[in-house]
Each structure stands twice: as C-alpha cells, then as structure tokens.
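**Q** Could you look at this predicted model? Sequence included:
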Amino acid sequence: MSTTRDEIRQQPAAIERTLKSEWRQAEKLRKHFQQHTPSFIVLAARGTSDNAAQFGRYLLEITTGIPVSLAAPSVSTLYRSRLHLQNAAVVAISQSGESTDTNIVLEHAKASGAFTIGITNESESALARLAEHSFLVRAGKEKSVAATKTYTGQVLCFYLLAYALGAPIKLESLQQLAESTAAALKLEDEILNRAERYCFMRHAVCVGRGLNYSNSLEFALKLMETCYVVAERFSSADLLHGPIAMLEASFPAFVLCPSGVTWKPMCELLEKLHSIGAESLLITDRSNKAARAVAGQTGEPLTIPASLLHKGPLPDEVYTPIPYVIPAQLFAASLAEVKRLNPDRPRTLNKVTQTL
C-alpha cells in the first residue's frame with residue numbers, strides 16, 4: 001500500500017483533531033474581528049495550498065460578503081512592489097510553512113499594516129512565527145509528496161476562518177465532516193476497480209463549479225503529478241466558453257456534481273458532454289438523486305454513500321468539498337498504482353518547493 005493511500009485514509013481522524021484543537025482559536029479570532037472587521041481579504045499560496053485558497057475565496061465571499069482576492073506573489077518577490085493593504089486581512093496558506101514567496105507576501109503585508117493569518121501543518125515553521133494568528137492543520141507528518149490530508153485540513157481551516165469573520169457556520173455541522181469523509185472512503189475498492197479502465201488515459205478535464213471548483217483544480221493536479229496525465233481544470237462555465245471545443249468522443253471528463261445551485265448548470269454541461277460522446281465520470285452523493293437519473297447517459301456515477309444536502313441559511317452544498325475530494329484523491333492514487341507508478345515520489349518533485 002502506498003503512503004499516499006494511507007494518508008488519504010487518515011483524513012477523518014485528522015479533521016477531528018484539527019477541529020477539536022482549533023475551534024478555540026476560531027472563537028478567539030471571532031472576538032478580534034467583531035472589533036476589527038477587515039475591508040477585504042487577500043489569500044497567498046502555491047500549489048495544492050492555492051487550490052485550498054480558491055475554496056476559501058468562494059466560502060468567505062459567499063458567507064461573509066467580504067471581497068477576497070488571490071495574491072500574485074511575483075508582485076512582491078520579483079517586481080518588489082509594495083501594496084497598500086491597510087484594513088486588509090492577509091492569509092498565507094502553506095503545508096510546510098516554508099514557502100519563500102508566500103512568506104514574503106505575508107511579511108510585506110504585515111509591514112503595510114494588514115492583519116496577518118497563517119494556515120499551516122507545521123507549528124514551528126517560519127509562517128507560524130511570522131503570522132499574527134495561525135490555524136494549525138493537525139494532520140500529522142505528511143510523508144507523501146502529493147498532499148492529501150493537508151489539503152482537507154486547510155479547507156477545514158477556511159471554515160473556521162469564515163466562522164471567525166461572522167459566517168453562520170455551526171460547530172455541529174463541522175463535526176459531521178469527519179463522518180462524511182469516512183463515508184467517502186468506502187468507495188475505495190470501487191474506485192480501484194474503475195481506475196483500470198483509464199490505464200492508458202493521456203488527457204482529461206476535471207470540472208467543478210462554485211464551492212467545488214477548487215476540487216476540480218486539486219483533482220487535475222493530482223492526476224498530473226502522480227499519474228503524468230495532462231489534466232485541464234475548469235469551472236463548467238469556463239469550459240463552455242471555448243475549451244470544450246477540444247473535447248471529442250471518448251475524451252475523459254471528471255465532473256463534481258453535488259446538489260444545490262450548481263447542479264442545473266452541471267446538467268447543461270453533461271448534456272453537451274453526452275452529445276459529444278465524452279467519457280464522463282460523475283462524483284456525487286446520495287442526496288443528488290437526479291445525478292443517478294442521468295446515469296444512463298454518462299455511466300454510473302461514483303456516489304458517496306451519505307446524504308450531504310445542507311439545510312439552513314448557507315448554500316445546500318456548503319459542506320460537500322471535503323468529502324467530494326476524497327474520491328478524486330483515491331482515483332489518482334489508484335490510477336498511479338494501475339500504471340505502476342509511485343504516487344508517493346513523483347518524478348522531479350520534492351515535498352517542499354521554494355520559489356520566488
């Protein structure tokens with residue numbers, strides 16, 4: 001068994017630990033923001049952490065109404081331009097906490113008067129020391145080069161940050177994430193069997209929308225770095241705005257299909273993919289019965305054996321991103337094994353990448 005697969009299995013426990021340890025930090029930060037609400041938020045990250053930041057952008061804007069942007073680290077590291085970040089909260093996300101460029105962004109932000117926050121798996125890292133407030137991902141040491149449990153830990157920390165900023169996030173709802181993640185892990189054997197069909201896949205598209213757009217980015221990244229598949233990643237809207245022209249019969253398309261407001265536009269995309277004859281594989285859960293209804297056109301979906309429909313003031317699919325990335329991670333790990341590649345040690349990659 002690969003280390004990657006083992007670390008994928010560790011995620012329910014890691015989520016429980018992180019939530020138990022960091023909820024108090026979220027409460028503390030909530031009191032700070034009640035007195036000092038930022039006018040805008042900037043997120044700085046690279047790689048998998050940048051995909052988590054994409055989720056954070058959607059979650060924070062949807063649930064708090066505060067504008068969020070993604071930093072371009074080169075503005076600080078290469079062009080040496082200083083941004084005016086007064087009244088801003090700047091969040092750096094890094095698994096190792098040693099990403100040179102994101103730490104420079106945070107350092108410059110702090111000097112300009114921004115309130116700085118770090119999200120990292122390493123309590124003794126440069127990032128944890130630099131930030132005024134840190135959320136620690138309690139995932140334990142991640143040995144595989146391909147990040148899995150630290151990604152879901154970072155996503156969880158964004159729920160905590162949203163709560164701190166006043167979003168109606170409930171502790172009870174977050175406590176259920178470990179259970180829904182464990183439910184998604186029950187697909188492991190099915191995914192391993194189905195991955196064999198894609199053994200000779202060279203190209204693919206991964207598609208999400210809204211809160212699950214980040215998972216389409218992460219799914220594609222995992223396929224690229226562990227399976228050496230050229231995987232493009234899109235929102236369904238962006239795919240329809242031109243790139244769909246490259247798709248043809250039997251072209252693999254992996255589509256994230258939760259219930260909620262994104263399901264209708266996903267249906268429009270699925271109809272288009274069916275007309276092309278693309279090889280579509282859906283990831284969904286039991287609450288989206290309509291996804292099972294289209295199975296005759298797209299093939300049997302990967303269905304998480306839990307109902308993830310949320311009822312309340314937040315969007316229906318607000319708590320789906322963590323369990324929905326589990327089948328994607330398992331698929332990439334399984335495909336790598338089918339192709340007799342080592343997902344733990346992808347060629348030319350190191351665990352910590354430092355760039356300027």
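**A** Looks like it came in fine.
**Q** Which of the helices and strands in this protein ranks last by mean pLDDT?
**A** helix 295-298 (a mean of 56; mean pLDDT, DSSP states H and E).
**Q** next structured bit after that helix?
**A** Using DSSP states H and E, the next helix or strand after helix 295-298 towards the C-terminus is strand 302-304.
**Q** so how far is that next one off the chain centroid?
**A** Taking Cα atoms, centre = their mean, to the nearest Å, one finds strand 302-304 lying 18 Å from the centre of the chain it belongs to.
**Q** Residue 141 - how many residues pack around it?
**A** Here the count is done by other Cβ atoms under 10 Å, and residue 141 has 7 residues near it. Using the backbone N, CA and C atoms, a C-beta is placed for each residue, glycine as well.
**Q** try residue 185
**A** Other residues near residue 185 come to 18 when the count uses other Cβ under 10 Å.
**Q** Tell me who's in contact with it.
**A** Residue 185 makes contact with 8, 9, 11, 12, 326, 330 under the criterion Cβ atoms under 8 Å, 6 or more residues apart in numbering.
**Q** can you rerun that using 10 Å?
**A** With contacts taken as Cβ atoms under 10 Å, 6 or more residues apart in numbering, residue 185 has the following neighbours: 8, 9, 11, 12, 191, 304, 323, 326, 327, 329, 330.
**Q** shouldn't the fourth one be in contact with residue 176?
**A** No - with the criterion set as Cβ atoms under 10 Å, residue 12 and residue 176 do not qualify as a contacting pair; they are 11.0 Å apart.
**Q** which of the two has more neighbours?
**A** residue 12 (22 against 16).
**Q** Please identify which helix or strand holds that one.
**A** helix 11-35.
**Q** counting contacts, what elements does the next helix or strand after that helix pack onto?
**A** On the C-terminal side of helix 11-35, the closest following helix or strand by DSSP H and E is strand 40-44. Packing contacts for strand 40-44, counted by 3 or more Cβ pairs under 10 Å, 6 or more residues apart in numbering; DSSP states H and E, involve helix 47-64, strand 68-70, strand 88-94, helix 100-111, strand 115-120, helix 149-164.
**Q** Parallel or antiparallel, list what pairs with the fifth one.
**A** Strand partners for strand 115-120, identified by DSSP bridges, are recorded as strand 88-94 (parallel), strand 133-136 (parallel).
**Q** would you put the C-alpha positions of the first one in PDB?
**A** In other words, strand 88-94. Coordinates of the C-alpha atoms in strand 88-94 are reproduced here as PDB (Å, rounded to 0.1, in the frame of the first residue of the first chain):
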ATOM      1  CA  ALA A  88      -7.000  44.100   5.000                       C
ATOM      2  CA  ALA A  89      -6.600  40.600   6.400                       C
ATOM      3  CA  VAL A  90      -3.900  38.700   4.500                       C
ATOM      4  CA  VAL A  91      -3.800  34.900   4.800                       C
ATOM      5  CA  ALA A  92      -0.900  32.800   3.800                       C
ATOM      6  CA  ILE A  93      -1.500  29.100   3.300                       C
ATOM      7  CA  SER A  94       1.400  26.600   3.200                       C
END
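**Q** Next, the angle from it to helix 11-35.
**A** Regarding strand 88-94 and helix 11-35, their directions subtend 160 degrees when assessed with axes from the mean of the first three to the mean of the last three Cα atoms, to 10 degrees.
**Q** three-state assignment of the nearest residue to residue 312 once chain neighbours are set aside?
**A** Here the nearest residue to residue 312 in space, its sequence neighbours aside, is residue 168; by Cβ to Cβ, 6 or more residues apart in numbering that works out to 7.3 Å. Under the three-state scheme (DSSP: H, G, I helix; E, B strand; the rest coil), residue 168 adopts coil.
**Q** hang on, residue 168 packs against residue 314?
**A** Yes - contact between residue 168 and residue 314 holds when scored by Cβ under 10 Å: they sit 6.4 Å apart.
**Q** Common neighbours of the two, please.
**A** Residues touching both residue 168 and residue 314 comprise 63, 162, with contact defined as Cβ under 10 Å, 6+ apart.
**Q** Report the separation between residue 84 and residue 102.
**A** Noted for residue 84: a distance of 19 Å to residue 102, by Cβ to Cβ, to the nearest Å.
**Q** who has more neighbours, these two?
**A** Of the pair residue 84 and residue 102, residue 102 is the one with more neighbours under other Cβ under 10 Å, namely 30 against 9.
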